[in-house]
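1. please work out how this folds:
(one chain, ligands or ions: 1)
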Amino acid sequence: MQSTPRDTVLAIDVGGTKVEAALVDDLGTVLTGTRHRAPTGPHASSDELAKAVTSVATRTLADSPRAATLIGVGIGCAGPISLADGAVSPLNLPVWRGFELRDLVQALVPDVMVRLRMDGLCITLAEHWMGAGRGFDNVMGMIVSTGVGGGLILGGNTVSGPTGNAGHIGHIEVGGFDDPCSCGGVGCLEAIASGPKTVAWARREGFAGVTGEDLSAAYAAGDPIAIRAVRRSGRALGQAIAAATTLLDLDVVAIGGGFSMVTPDLFTFAREAIARRTEFDYATRVRVVPSALSGDGPLIGAAALIHRGYLVP
Ligand SMILES: [Zn+2]
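-> Numbers count the residues shown, from 1 in each chain. The predicted structure is shown next:
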C-alpha cells in the first residue's frame, strides 16, 4: 500500500562529539535513509563545526521523499543557548561562544520556521511524546553521558526560561561533594556523575580501566572500586533529583544517555538518596526510570519542537 504523504520536520541534534540530522514525521518516526551525521569535537574550528551542521542538514533535505511536506526545522543543541538571538555556546565546544546557529540553518530553509532549544529540553519532549514520560504533566528528562543534561515539562508545558537555559540539572551543586566543574561551580552534578568524571574518580582510587564500558564490566565483576564509583555517582544523581523534585514537584524523571546504562544499580543508588527525604512524600513519590527511547530520542525531540510546538511557548 502507498503510504500517505506526511508532514515532516528536519531535526538537527548538535552535541559535543557529533551533529546528526534526519527527517521525522508527525508520528515521531525517523524516515528511513534520511539520517546523517558528522563529527564535531573540541578540536574542530568554528567554520568546521558550521560546515558539519550545513552538510548533514543539506544531505538530509536532499533525501526528502517527494510526497513529504517540510513544515519546519527543530534544532537541539548542548547548552548554554541564547533564545533571543538563536545563538549557542556549548560548554564542550569552546570555539562556539554566541554562535548564531539558528540563522545558519534558517539560511538553508528560508521559508519554514526554525526553532532552537537545548538538547535536554528536546529529550524531555521526546520522553513526554513517546517515552517514559507519556501521560505525565511534570517531567524531567535527563541525559547522563559525557555530560549531564536535562529539561523540564511542568504543568504540561515545556519550560525554557527567558534565555532558554532552564533545566540545566547538570550544574546543580550537590551537597557533600566538592568536585570542580568547568562551568565555574563546585560540586556540580556533571562534575561528579558524568561517565568520564565517574571513571576519573575511580582511576584516582586505583581503577585501571579507561572508559565507561570498562567501569561497567568491572562493576558487573564485583570490583570494589567500580562499585564505590557507581554508588557515589548514583547518590549524587539522586541528591540532585531530590533537590529538583523538592523545588518543582515532579512526577517522573526519565534518564537516558550511555552512562545511565553502566548498571541498573545506578538507578537503585539514586532512588536510595531520594528516599532519605522521609518527611516529603511529594518528593519521594517521584518515579526515576530509564529512558524508553531508542537512539533516535534526540532527533525525535528536536522534531517535537515543531510537531508538538503547542508545548513550546
Ligand atoms: Zn557546573
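
2. and the helices in the stretch 201-313 of the chain, which stretches?
-> Remark: helices of the stretch 201-313 of the chain, listed N- to C-terminal, are 212-220, 224-248, 265-275, 281-284, 297-307; assignment by DSSP state H, counting those that start in this stretch.

3. which one of the ones you listed lies closest to the ion?
-> The ion lies closest, by C-beta to the ion, to one member of the helices of the stretch 201-313 of the chain: helix 224-248, at 11.3 Å. (Glycine included, C-beta is placed from N, CA and C.)

4. mind checking the SS state of the residue most central in space within the chain?
-> Compute the mean C-alpha point of the chain, and by C-alpha atoms, centre = their mean the closest residue is residue 120, 3.7 Å away. Using DSSP: H, G, I helix; E, B strand; the rest coil, the structure places residue 120 in helix.

5. that one and residue 240: what is the separation?
-> To residue 240, residue 120 is 13 Å away according to C-beta to C-beta, to the nearest Å.

6. shared neighbours of those two, anything?
-> Jointly contacting residue 120 and residue 240 under the rule C-beta atoms under 8 Å, 6 or more residues apart in numbering are residue 169.

7. ok so, going back, what's the most buried one of the helices of the stretch 201-313 of the chain?
-> Of all the helices of the stretch 201-313 of the chain, helix 297-307 carries the top mean neighbour count, a mean of 29, counting by mean count of other C-beta atoms under 10 Å.

8. how about residue 172, nearest residue that isn't a chain neighbour?
-> Residue nearest to residue 172 in three dimensions, not counting chain neighbours: residue 240, with 4.9 Å by C-beta to C-beta, 6 or more residues apart in numbering.

9. quick one, what contacts residue 95?
-> 44, 45, 46, 49.

10. any idea how far residue 110 is from the residue nearest to residue 172?
-> 41 Å.

11. so residue 290 sits against residue 257, correct?
-> No - using C-beta atoms under 8 Å, residue 290 and residue 257 do not qualify as a contacting pair, with a distance of 10.1 Å.

12. partners of whichever helix or strand residue 149 is part of in the sheet?
-> Taking DSSP states H and E as the criterion, the element that holds residue 149 is strand 148-154. Strand 148-154 sits in its sheet next to strand 139-144 (antiparallel), strand 157-158 (antiparallel), going by DSSP bridges.

13. what residues does the first one touch?
-> If I follow you right, that is strand 139-144. Outside of strand 139-144, the residues within contact range by C-beta under 8 Å, 6+ apart are 119-121, 123-128, 133, 148-153, 167, 169, 193-195, 237, 241, 244, 248, 250-260, 291, 301.

14. what sits against residue 300?
-> Neighbour list for residue 300: 11, 24, 28, 30, 126, 129, 130, 293 [criterion: C-beta under 8 Å, 6+ apart].

15. cutoff 7 Å now
-> Residue 300 makes contact with 24, 28, 30, 126, 129, 130, 293 under the criterion C-beta atoms under 7 Å, 6 or more residues apart in numbering.

16. pLDDT value on the first one, please?
-> In this prediction, residue 24 carries a pLDDT score of 97.

17. same question, the fourth one
-> The confidence metric pLDDT takes the value 98 at residue 126.

18. ok, the residue nearest to residue 172 touching residue 171?
-> No - taking C-beta atoms under 7 Å as the contact criterion, residue 240 and residue 171 are not neighbours in contact, 9.7 Å apart.

19. now this protein, which segments are flagged as low pLDDT?
-> 1-5 (pLDDT under 70).

20. what are the boundaries of the strands in it?
-> Counting by DSSP state E, the segments of the chain that form strands are 7-14, 18-25, 36-39, 69-77, 81-82, 87-88, 113-118, 139-144, 148-154, 157-158, 252-256, 287-290.

21. and the residue lying closest to residue 150 once chain neighbours are set aside, how close does it get to the ion?
-> The shortest distance from residue 150 to any non-neighbouring residue, by C-beta to C-beta, 6+ apart, is to residue 169 (3.6 Å). Note on residue 169: its distance to the ion, by C-beta to the ion, to the nearest Å, is 10 Å.

22. do you know how far the residue nearest to residue 278 when sequence neighbours are not counted is from residue 234?
-> Using C-beta to C-beta, 6+ apart and skipping residues adjacent in sequence, the residue nearest residue 278 is residue 284, 7.2 Å away. In this structure, residue 284 and residue 234 are separated by 16 Å, where distance is defined by C-beta to C-beta.

23. what parts of the chain come near the ion?
-> In this structure, the chain approaches the ion at residues 171, 181, 183, 185, 188, judged by C-beta under 5 Å from the ion.
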